[in-house]
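Asker: I would like to see how this sequence folds:
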Amino acid sequence: MTSYLLVVERGRLASASDVSRYARACEKERDGHGVQAMVIDARVDPTQTNPEAREAFWAWLAKAPFERVGIVRDDEMLTTQLNMKALSQRMQVRAFTTLAEAKSWALEPRSRLSTLPPAPDEPAPA
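Answerer: Numbers count the residues shown, from 1 in each chain. Okay, here's the model as predicted:
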């Protein structure tokens, strides 16, 4: 059975140093348990996030510390914004409004990661 790291956020990341501690803790769990997927239950008030901390968090995610990261938020508009940001940066990060959706996406088999057909000039994968 494939496993994943579930992070349930409480409180807020107030600074880049908070994000650094958060990242080290997540990576320690990843390395200790050999998981490659992470689901973050971040259903906290997004207005509490410091812009410096938010940028540091996205910079950490951009380094691809996990193969896939699902983020749970309780706001449809915010999940759309997060998905647009992740897609524009070609990150394997997606936001959802339910934990079940985030977990399902994070654990999707690698062979199904791309749901788009190949471009017309590209050969189909073997």
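Asker: Please count neighbours and contacts with C-alpha atoms only from this point.
Answerer: Fine.
Asker: can you give me the strands for the protein?
Answerer: For the chain, the strands defined by DSSP state E occupy 5-8, 37-41, 68-72, 93-96.
Asker: who touches the first one?
Answerer: Contacts to strand 5-8, defined as CA atoms under 8 Å, 6 or more residues apart in numbering, come from residues 26, 29-30, 35-42.
Asker: if you set the cut-off to 7 Å instead, what comes out?
Answerer: If you take CA atoms under 7 Å, 6 or more residues apart in numbering as the criterion, strand 5-8 is touched by 35, 37-42.
Asker: swap in the second one?
Answerer: For strand 37-41, the external contacting residues (CA under 7 Å, 6+ apart) are 4-9, 66-73, 102-103, 106-107.
Asker: So for Lys103, what's the pLDDT?
Answerer: Per-residue pLDDT puts Lys103 at 96.
Asker: Just give me the neighbour total for it.
Answerer: 24 (other CA atoms under 10 Å).
Asker: Kindly report the same for Asp31.
Answerer: The number of residues near Asp31, taken as other CA under 10 Å, comes to 11.
Asker: the helices in the protein, which residues?
Answerer: Along the chain, the stretches classed as helices by DSSP state H are 16-33, 51-62, 76-88, 99-106.
Asker: Take the strands of the chain and write them to JSON lines, including mean neighbour count and mean pLDDT.
Answerer: Formatted as JSON lines, the strands of the chain follow (neighbours: other CA atoms under 10 Å; pLDDT from 0 to 100):
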{"stretch": "strand 5-8", "mean neighbour count": "16", "mean pLDDT": "95"}
{"stretch": "strand 37-41", "mean neighbour count": "23", "mean pLDDT": "96"}
{"stretch": "strand 68-72", "mean neighbour count": "25", "mean pLDDT": "96"}
{"stretch": "strand 93-96", "mean neighbour count": "25", "mean pLDDT": "97"}
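Asker: and those as JSON lines, adding distance to Ala16?
Answerer: What follows is those, written out as JSON lines (distance: least, CA to CA, whole Å):
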{"stretch": "strand 5-8", "distance to Ala16": "18"}
{"stretch": "strand 37-41", "distance to Ala16": "18"}
{"stretch": "strand 68-72", "distance to Ala16": "19"}
{"stretch": "strand 93-96", "distance to Ala16": "20"}
